[in-house]
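> sequence unknown, structure follows:
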């Protein structure tokens, strides 16, 4: 069992989400940075879809009541286990009574904590992810509070004495969004051609910043005003995470993991799935820049992500084998 | 079948949006949307189909198929699928009109130029169809509202409209499956639960289902 000592309500239990229920109005949800949670789980030998904790509000502290192992990925923040500092993207053992501490990120916005075996919570519609809007999943459908206790699934996790780390090629030198803008690749969406040439040019040619109105449902951006050639009334339609809508204010909204499943605003573009982690790690105030990409390139980016995950599993299995041999 | 050629666009790298709308919402187009939504689920690589209002979002695995292929197959389904394939279930939803949980009732009647009783009678007399489920878990977009009863959405949405609220937004009717923000008008409430996350079938209503509202009481 683990006990939450310091948290905020934006911190939730997440897994890789509950796809397959959009037609029931249920969002995909799950970790905003799915690759980070998956890698944290894989470092511990968990299934990549095991439930962990998404920390969006730091500092965060938990104490374990059993000997186990934890992995912390995502944002680059100072992490310590029982007062021993840990490098970023690291998995290590933690003893009963010891405390895991995550300080405010230096870069990035969301940290992921996986625990050996994963959090033991019931599946709701195929997932343990917290859907705070619907009030279900995770721990009672809500964010974590001080004093919450979470049970762990039984696990046999072997780690070398100093733990193990992971490094992802595409995250090396990832920008913070302050010194320079975070680049996001986009595909044009249904109403792209309904925007004025000036709006189309400004969308990819200028920078945007993330306003305070940013959470798991979506981010409101501020920047140049994007205008339609003429006003449009659209009927409600299904949308996916990454959809960039433009309401009458002309200031875009990027819909994210917990977005409503249907929307009615004109859509200028969609951020490609392979880049959604960049948004997950973009804090309030960060600058963004959009660049158009082909459907082929966006699929290739996704394929590369999957290959990296498979390579990671292969490397982890190899290491686990060596651990077992005398 | 007098349904126009749909427009298909990318919704990211793993979804297509088929838009069959030809202006205002159309019941015949919607029946085709439901039928194509069901048929498209058996296409290679298709993961989810999401009926909207005269449109259909199709989510696929881009590593198992590609947008061009899915688009071509959708276009072919749109012209070849029998639109009358979906038969819905009938539901009766008892409504307590007005009161604190339906505080817009008097304003709605005044807006329609009708008495409260006549407004309620017309709301309960109409036959509604669940056009689509979406926005929030289990929320039904209902078509079939008497045009006299249409009322544009509030300019400022309420931050909280309670679960069970029976609501009106433009030419559409609905019922809140959970407490959430909404810009629609609250005209009454029901005890019928539309969404139970833990149930085997979490959502009560399906696209194509028929709804009637029954007057359980009127409190002006």
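Perfect, I can see it now. Bear in mind that the values here come from a model prediction, so they are computed numbers and not experimental data.

> the domain parsing of the chain - what is it?
All of this is about chain A. Chain A resolves into domains spanning A:2-174, A:182-293 when parsed by automatic domain parsing.

> not quite, I wanted chain B
B:7-80, B:90-219.

> and the ones you listed as TSV, adding distance to residue A:214?
All C-beta atoms are positioned from the backbone trio N, CA, C, and that covers glycine. Converted to TSV, those look like this (distance: least, Cβ to Cβ, whole Å):
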stretch	distance to residue A:214
domain B:7-80	20
domain B:90-219	17
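
> may I see the ones you listed arranged in JSON lines, with mean pLDDT and mean neighbour count as well?
Below are the domains of chain B laid out as JSON lines (pLDDT from 0 to 100; neighbours: other Cβ atoms under 10 Å in any protein chain shown):
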{"stretch": "domain B:7-80", "mean pLDDT": "96", "mean neighbour count": "20"}
{"stretch": "domain B:90-219", "mean pLDDT": "95", "mean neighbour count": "18"}
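
> export the ones you listed to TSV and tack on distance to chain A?
Shown next, in TSV, are the domains of chain B (distance: least, Cβ to the nearest Cβ, whole Å):
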stretch	distance to chain A
domain B:7-80	3
domain B:90-219	3
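
> pick out the residue closest to the middle of chain B.
For chain B, the residue nearest the mean C-alpha position is residue B:141 (1.8 Å; Cα atoms, centre = their mean).

> which residues sit against stretch A:219-230?
Residues outside stretch A:219-230 that contact it (Cβ atoms under 8 Å, 6 or more residues apart in numbering or on different chains): A:191, A:194-196, A:198-199, A:202-203, A:206-211, A:213-214, A:246, A:249-254, A:256, A:266, A:268, A:279, A:282, A:288.

> okay, strands next: where are they in chain B?
B:7-10, B:15-19, B:46-51, B:55-60, B:90-98, B:128-133, B:140-143, B:158-161, B:165-169, B:172-175, B:180-182, B:185-189, B:210-219 (DSSP state E).

> packing partners for the second one?
The reference is to strand B:15-19. Packing partners of strand B:15-19 (3 or more Cβ pairs under 8 Å, 6 or more residues apart in numbering or on different chains; DSSP states H and E): strand A:237-238, strand B:7-10, strand B:55-60, helix B:67-80.

> give the contact list for the nearest residue to residue A:267 once chain neighbours are set aside.
Computed as Cβ to Cβ, 6 or more residues apart in numbering or on different chains, the closest residue to residue A:267 that is not its neighbour in sequence is residue A:189, at 3.8 Å. Contacts for residue A:189 (Cβ under 8 Å, 6+ apart) come out as A:243-244, A:267-270, B:9-12, B:17.

> longest helix in chain A, please.
In chain A, taking DSSP state H as the definition, the longest helix is helix A:295-324.

> report whether it contacts chain B.
Yes - shown here: helix A:295-324 in contact with chain B (Cβ under 8 Å from any Cβ of the partner chain) through A:295, A:298-299, A:301-303, A:306.

> of those, which pair is most distant in space?
Pairwise distances across the residues of helix A:295-324 next to chain B peak at 16.9 Å for A:295 and A:306 (criterion: Cβ to Cβ).

> nearest spatial neighbour of residue 59, skipping sequence neighbours?
Went with chain A since none was named. In space, residue A:59 is closest to residue A:103, 5.3 Å off (Cβ to Cβ, 6+ apart).

> ah, I was thinking of chain B
Nearest one to residue B:59, counting by Cβ to Cβ, 6+ apart, is residue B:48 at 4.2 Å.

> in stretch A:184-200, what counts as buried?
Using 16 or more other Cβ atoms under 10 Å in any protein chain shown as the test for burial, stretch A:184-200 gives A:184-192, A:194-195, A:199-200.

> equivalent analysis for stretch A:208-226, please.
Those would be A:208-210, A:214-221, A:223-224, A:226, for stretch A:208-226 by 16+ other Cβ under 10 Å.

> quick revisit: for the helices and strands packed on strand B:15-19, give me TSV that also has distance to residue B:216.
Formatted as TSV, the helices and strands packed on strand B:15-19 follow (distance: least, Cβ to Cβ, whole Å):
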stretch	distance to residue B:216
strand A:237-238	33
strand B:7-10	43
strand B:55-60	35
helix B:67-80	42
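
> between these, which one is closest to residue A:120.
Nearest to residue A:120 among these is strand B:55-60 (30.1 Å), distances taken as Cβ to Cβ.
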